[in-house]
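Visitor: no FASTA, just this:
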């Protein structure tokens, strides 16, 4: 199964275009990725699009692109998502500053590393959903086009459902202040017995 918010024209100046695709197979991933990358390749005033995903998905995508693969950047998502959600914000901002076209123009296909830190615990996953939501505000000044890829084989149903609420165009999108306030209302887990109490 593959669902996507659909292809749209490249982002205008200062209009962050934040999309989402959900898939459960390599073929469905390719079906969502190819038109997005083709849109980026055809966009004026943009550098080559970049796919940031699991190595296996990048391999099948290279094969599907054929000769066009030489015009697309490929980054292992474990190399991009190297720490907390805050690190991902800094990584994205740094990449745009160094590589994007005028106004932040670039197409980025991005799959969070749910086998890594993002999926380590319910609390970590919540932080990544908060990141997805706040990205709509943090990157609003940029004409960047992003397709967030959610593989149901690694991201569970609860994560996918929450992520839909962080992406415009899904039909269940919540404005960032609303969704973040809800996420912040979830209490922290109790400290472990081994935790040292500081005065």
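Guide: Arrived safely, thanks for sending. The structure displayed is predicted, hence computed values, not measured ones.

Visitor: Which helix or which strand is home to the residue nearest to the spatial centre of the chain?
Guide: In the chain, the residue lying closest to the centroid (CA atoms, centre = their mean) is residue 148, at 3.5 Å. Using DSSP states H and E, residue 148 sits within strand 144-151.

Visitor: neighbouring strands for that strand, and are they parallel or not?
Guide: Applying DSSP bridges, strand 144-151 is found paired with strand 17-23 (parallel), strand 106-110 (parallel).

Visitor: after that strand, next one along is what?
Guide: Downstream of strand 144-151 (by DSSP H and E), the next one is helix 157-164.

Visitor: Give me the number of neighbouring residues for residue 172.
Guide: 10 (other CB atoms under 10 Å). C-betas here are computed from N, CA, C, even on glycine.

Visitor: surely it meets residue 165?
Guide: Yes: in this structure, residue 172 is within contact of residue 165 by CB atoms under 8 Å, at 5.4 Å.

Visitor: got the contact list for the closest residue to residue 137 other than its chain neighbours?
Guide: Distance criterion CB to CB, 6 or more residues apart in numbering; nearest residue to residue 137, sequence neighbours excluded, is residue 176 at 5.3 Å. Remark: with contacts taken as CB atoms under 8 Å, 6 or more residues apart in numbering, residue 176 is in contact with 133-134, 136-137, 166.

Visitor: what sits against residue 15?
Guide: Contacts of residue 15 (CB under 8 Å, 6+ apart): 140, 143.

Visitor: Could you report the neighbour count for residue 70?
Guide: Neighbours around residue 70, by other CB under 10 Å: 9.

Visitor: How much space separates it from residue 48?
Guide: 9 Å (CB to CB, to the nearest Å).

Visitor: pLDDT score assigned to residue 124?
Guide: As predicted, residue 124 sits at a pLDDT of 72.

Visitor: hmm, which of the contacts of residue 176 are the buried ones?
Guide: Buried subset of the contacts of residue 176 (neighbour count, 16 or more other CB atoms under 10 Å): 133-134, 136, 166.

Visitor: Among those residues, which one sits closest to residue 94?
Guide: Distance to residue 94 across the buried ones among the contacts of residue 176 (CB to CB) is lowest for residue 134, with 16.9 Å.
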